[in-house]
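Provide a 3D model corresponding to the input given below.
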Amino acid sequence: MYSVLLVDDEYMILEGLKKIIPWHDLGFEVVSTCRRTDDAIHYLDTHSVDLVITDVNMPEKSGIDLIRYMKEKEMPSEILILSGYQEFMYVKQGLELGIKGYLLKPVDRNELTEKVLMIKEELTRDRQEQEKERLYNEMLLIRWLNDELNESEYHNFIQHFNVDESDEYAVIICASNIFTDAIRQYSLSMKQELCIIQENEDTFYTIIIYHGCKNSLSHFLLEMDQVIEEEYQLSVGELVQEWENVYESYEQAVAMLTFSVFYDNQQVLSNHSKNMLNLVDDEAFEFMSFNKALMVGDMNETIIKLKEIFSQMRQLAFLPDNVRHVTFLLFTDIYRRFPSLSVDIYNETLEKIKQSHSIKELEEWLIHLLELTKNMDGKTRRYSELVQKSMDIIDKEYKEDLTLKRLSEELHVNSVYLGQLVKKETGRSFAQVLNQLRIEKAQDMLLNTNLTINEISFEIGYNNMTYFLKMFRKLNGMTPKEFREKYQK
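Take a look at the predicted model:
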């Protein structure tokens, strides 16, 4: 059903327009009528309308003034004007402003019906195009969150949004048991348009890729705390400087939300936002530096980074719940990095976090897990048979032009299903698994061969040297040259 606003200074004409054609049968609803241009402007400032039908010759301000205002404000409504025989200059001005047509008074029923149906076709076509664009953008947004977006796709996508190249990013997830569009509308009102709503097992998730600086993120969250009345759970990932690292912020936000669900945490936004702002506002909490040390495989550096984070929490006198949140985030990175850690260890760690009585106890447990991985057989993994077969093929064919489609064909399974299964069991997409393995091979070659960086890039399956350098820096926080100089004995 499309909405219609009727504007005319004569009461009888307004009443006649409401009844002259069967609006509802034609797919329209007359949502309001106005007798003054200023009243119409006030209504349009607070309501979105599909079609405006306005007289041109009215006291004080004309219909042309209304149309001009609508165009200046970029209101998307279609417009028809009503005019008398002596008002052609008004009609000419209206046509120049892009109206869809005009009707002479007295209005002919058949002519109005014809114009309205013509506009209905255009509105339907526009809505279909908008829905296609919305679904396409949503698909790209999901791929971005899962680290499946390449650079050209990112730049083509982001040009439609108000994003500055200097912006940082943080992923915000709001979970609710009932559907609400209030958070998305708030986000849009704050010029944060990278936002989608997803449903999974009777829970609705509003996911926002926030872009801006740290201070404005704090303001965004505090303002949301005051504006949104519905109860929901909030999870915020770390601010990242590069668009390629948005997936890390997303994974952190998902992990934090999982942690809350595990403990049946029903806190409302105000409590959650205060907890999260402690993490967002403090520059000391560089979770990515810990994650990069894990990726590099430098266990000593990893433990140093871990101890630094716990030391900072002591200095800042973090509340126990905040410490548990941070511990869970750190554990999630460790668990994802080492597939040899079993599901039993995962469950045991969650219980230890839940039952912990001191920050020292949690710190020692994570260090224990890191030490434990040194003595584990790297071939022992927690995957299902299908995912393990996938990992074996990736391990053997990583040098080749390996794609998820080719992998699924080798295993005779649906590619979408296989991609979802890999993501579920490894915590990473197929592309992330392949890239991480290639970079691990590159690390080994940098330390144990005399091959040039260009030769190593080609040897591990990258035909594009620039892409290899970018991927290496993304996962390790340093260039291949810096890595070789730092770790080669």
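
what's the host helix or strand of Thr373 packed up against?
If you go by DSSP states H and E, Thr373 is part of helix 359-374. Contact analysis of helix 359-374 by 3 or more CB pairs under 8 Å, 6 or more residues apart in numbering; DSSP states H and E lists helix 299-315, helix 320-337, helix 343-355 as its packing neighbours. The C-beta positions use only the backbone N, C-alpha and C, and glycine is treated the same way.

Which parts of the stretch 351-489 of the chain are helices?
Here the stretch 351-489 of the chain has its helices, by DSSP state H, counting those that start in this stretch, at 359-374, 385-397, 404-411, 415-426, 430-448, 453-459, 465-476, 480-487.

Tell me which of those sits nearest to Ile334.
helix 359-374 (5.8 Å; CB to CB).

Contacts made by that closest one with the rest, please.
When contacts are defined by CB atoms under 8 Å, 6 or more residues apart in numbering, helix 359-374 is touched by residues 299, 302-303, 306-307, 310, 313-314, 318, 323-324, 327, 330-331, 334, 338, 340-341, 345, 349, 352-353, 356.

List only buried entries from the residues you listed.
By neighbour count, with 16 or more other CB atoms under 10 Å, the contacts of helix 359-374 hold 302-303, 306, 310, 313, 318, 323-324, 327, 330-331, 334, 338, 340-341, 345, 349, 353, 356 as buried.

quick revisit: quick one, which of the helices of the stretch 351-489 of the chain gets closest to Val116.
Closest to Val116 of those, according to CB to CB: helix 415-426, at 43.1 Å.

and the closest one, which residues are buried?
For helix 415-426, the neighbour count (16+ other CB under 10 Å) marks Ser415, Leu418, Gly419, Leu421, Val422, Lys423, Glu425, Thr426 as buried.

That one packs against which elements?
Counting contacts by 3+ CB pairs under 8 Å, 6+ apart, helix 415-426 packs against helix 385-397, helix 404-411, helix 430-448.

got a markdown table for these, with mean pLDDT, mean neighbour count and distance to Ile158 too?
Below are these laid out as a markdown table (pLDDT from 0 to 100; neighbours: other CB atoms under 10 Å; distance: least, CB to CB, whole Å):
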| stretch | mean pLDDT | mean neighbour count | distance to Ile158 |
| --- | --- | --- | --- |
| helix 385-397 | 92 | 15 | 30 |
| helix 404-411 | 92 | 16 | 24 |
| helix 430-448 | 90 | 19 | 19 |
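
Out of those, which gets nearest to Tyr154?
When the helices and strands packed on helix 415-426 are compared (using CB to CB), the closest one is helix 430-448, at 14.0 Å.

List the contacts of the closest one.
By CB under 8 Å, 6+ apart, the surrounding residues in contact with helix 430-448 are 147-148, 247, 295-297, 391, 394-395, 398, 402, 404, 407, 418-419, 422-423, 426, 428, 451, 453, 456-457, 459-462, 468, 471-472, 475-476, 480, 483-484, 487-489.

Ok, which of the helices of the stretch 351-489 of the chain comes nearest Glu168?
Nearest of these (CB to CB): helix 465-476, 15.6 Å.

if I read this right, Tyr250 contacts Ser235, doesn't it?
No. Tyr250 lies out of contact with Ser235 (CB atoms under 8 Å); the separation is 10.0 Å.

hang on, the earlier thing: generate a PyMOL selection restricted to the buried subset of the contacts of helix 430-448.
Here is the PyMOL command that picks out the buried ones among the contacts of helix 430-448, judged by 16+ other CB under 10 Å:
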select buried, resi 147+148+247+295+296+391+394+398+402+404+407+418+419+422+423+426+428+453+456+457+460+461+462+468+471+472+475+476+480+483+484
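
on that earlier part again, indicate which one of the helices and strands packed on helix 359-374 is closest to Ser189.
Checking the helices and strands packed on helix 359-374 against Ser189 by CB to CB gives helix 320-337 as the closest, at 28.8 Å.
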